[in-house]
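# pasted the sequence and its predicted model underneath.
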Amino acid sequence: LQAKVAKQKLSGILLPHQMERLEEINLQVQGVRALQDQEVAVKLGISAVQKQKIEATIEANNTSMRERIGELFRGGGEGGDREQMRERMTQLRKEMDDKVLAALTPEQKTKFAQMKGKPFEMPQRSFMGGRGRGQRGGGEGGGEGDQGQRRQRRPRPDA
């Protein structure tokens, strides 16, 4: 419901081509989980049987991902090779995408790709929950930025 309200507000602010691009990027960010959205399902002509397959595959994958993530962290989450963990997470996501997309017809896959538009590169975020530069509490730069700035002290009148 909040997403619908936000979308309505945005459509009153953004130009039509901007709103269209926002929707494309939103689909890219959601990935195959966007197939569970009713509006997307209607546009793609996803049948009830396909919808059940998609939901079952995503649910099974969520369970598997939680288990695999636990294994990754137990096997090296502390001081382990973060790049290797990131690569493994990317591989797991790709496997899920392939399984979910297998429920679509070739035409639906093509249309879904078209609905996502030109690829948009999202800024990299760590799945480890790391903080970036300038954010309170960590990262490089020792807390620089608007969040970590100290207030300037005013001179006291009696000084």
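The structure has been received and is ready for your questions.

# please make it C-alpha for all contacts and neighbour counts, starting now.
Noted.

# check which helices and strands the longest helix anywhere in the chain is in contact with.
As far as residue count goes, and with DSSP state H defining each element, the longest helix of the chain is helix 48-74. Taking 3 or more Cα pairs under 8 Å, 6 or more residues apart in numbering; DSSP states H and E as the contact definition, the neighbouring helices and strands of helix 48-74 are helix 82-101.

# residues of the helix it packs on that come out buried?
Burial within helix 82-101, assessed by neighbour count using 16 or more other Cα atoms under 10 Å, is assigned to 85, 89, 92-93, 96-97, 99-101.

# who are the packing partners of it?
Under the contact criterion of 3+ Cα pairs under 8 Å, 6+ apart, the helices and strands touching helix 82-101 comprise helix 48-74.

# so what touches the host helix or strand of F112?
F112 is located in helix 106-116, with elements delineated by DSSP states H and E. With Cα atoms under 8 Å, 6 or more residues apart in numbering as the test, helix 106-116 has contacts from 23-25, 27-28, 44-45, 101.

# and these, which of them are buried?
Among the contacts of helix 106-116, those classed as buried by 16+ other Cα under 10 Å are 23-25, 27-28, 44, 101.

# using the three-state scheme, assign the residue nearest the centre of the chain.
The centre of the chain sits closest to V29, judged by Cα atoms, centre = their mean, with a distance of 4.6 Å. Of the three states, V29 takes helix under DSSP: H, G, I helix; E, B strand; the rest coil.

# show me which pair in the contacts of helix 106-116 is furthest apart.
Taking every pair in the contacts of helix 106-116 and measuring Cα to Cα, the maximum separation is 20.8 Å, between I25 and G45.

# now the host helix or strand of E39: buried residues?
Under DSSP H and E, the secondary-structure element containing E39 is helix 38-44. For helix 38-44, a neighbour-count test (16+ other Cα under 10 Å) marks 41, 44 as buried.

# report all helices and strands that it contacts.
For helix 38-44, where contacts count as 3+ Cα pairs under 8 Å, 6+ apart, the packed elements are helix 106-116.

# pull out the buried positions in the helix it packs on.
Across helix 106-116, burial judged by 16+ other Cα under 10 Å covers 108, 112, 115-116.

# could I get these as JSON lines with pLDDT?
Listed next are the buried residues of helix 106-116 as JSON lines, based on pLDDT from 0 to 100:
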{"residue": "Q108", "pLDDT": "97"}
{"residue": "F112", "pLDDT": "97"}
{"residue": "M115", "pLDDT": "97"}
{"residue": "K116", "pLDDT": "96"}
